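In: coordinates for the following, if possible.
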Amino acid sequence: MHETGIPWNDPSGDVLRGWLGMDRDEFYDVSRIAIVPIGLCYPGTVDGADLPPPRQCAPLWQPRFRAALPGHRLDAARRPVRAEVLARQRMTKVHSRSGVRASATTCPSFSLLPHPSWRNKGWLKRNPWFEADVIPALRRRVKACMRRV
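Out: Prediction:
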């Protein structure tokens, strides 16, 4: 990704596209898909892991993006935004089955996902319900949204 300047152009992107049930052409079709960072603030890394964006970034930028994308139908987000969404809904376990599943029922346009990197392989192995329950539901939602675009 850093060499090409294309977001999700790495093994994590391959996993993410697999979860979404999309191929590269669909995923990078700018007439149908917007890949928007949560806050446009890259805070750097510590020990090879991305730090979360500063708290002020998402509230500053997300309303502007949503206004510019009036036809938007589904958000798929990872850790930094998950905690914010779950806190708003008074759910506490960000990586829990109830927290991830709750996003499908309480936020029908929002899917909470673990980061699709190799670092989460252990979490995915310990939580087989994610790929058994959440991924098929996510793919159905993506297909439904794509039909409407």
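
In: nearest residue to Lys143 in space, please, no chain neighbours.
Out: Nearest non-adjacent residue to Lys143, counting by Cβ to Cβ, 6 or more residues apart in numbering: Gly21, 6.8 Å away. Heads up, the C-betas are built off the backbone N, CA and C, glycines and all.

In: ok, Ile6 touching Arg24?
Out: No. With contact defined as Cβ atoms under 8 Å, Ile6 and Arg24 do not form a contacting pair (9.8 Å).

In: what's around Pro116, how many residues?
Out: By the criterion of other Cβ atoms under 10 Å, Pro116 has 23 neighbours.

In: now for the residue nearest to it when sequence neighbours are not counted, how many residues are close by?
Out: Take Pro116 and drop its neighbours on the chain: the residue closest to it by Cβ to Cβ, 6+ apart is Val15, 3.7 Å away. Neighbour count of Val15, defined by other Cβ under 10 Å: 19.

In: from Met146, how far off is Val15?
Out: Separation of Val15 from Met146 (Cβ to Cβ, to the nearest Å) stands at 19 Å.

In: and what of Arg126?
Out: 31 Å.

In: neighbour count: these two, which is higher?
Out: The neighbour count for Arg126 versus Met146, taken as other Cβ under 10 Å, is higher for Met146 (17 against 10).

In: can you tell me the element that one falls in?
Out: helix 135-148 (DSSP states H and E).
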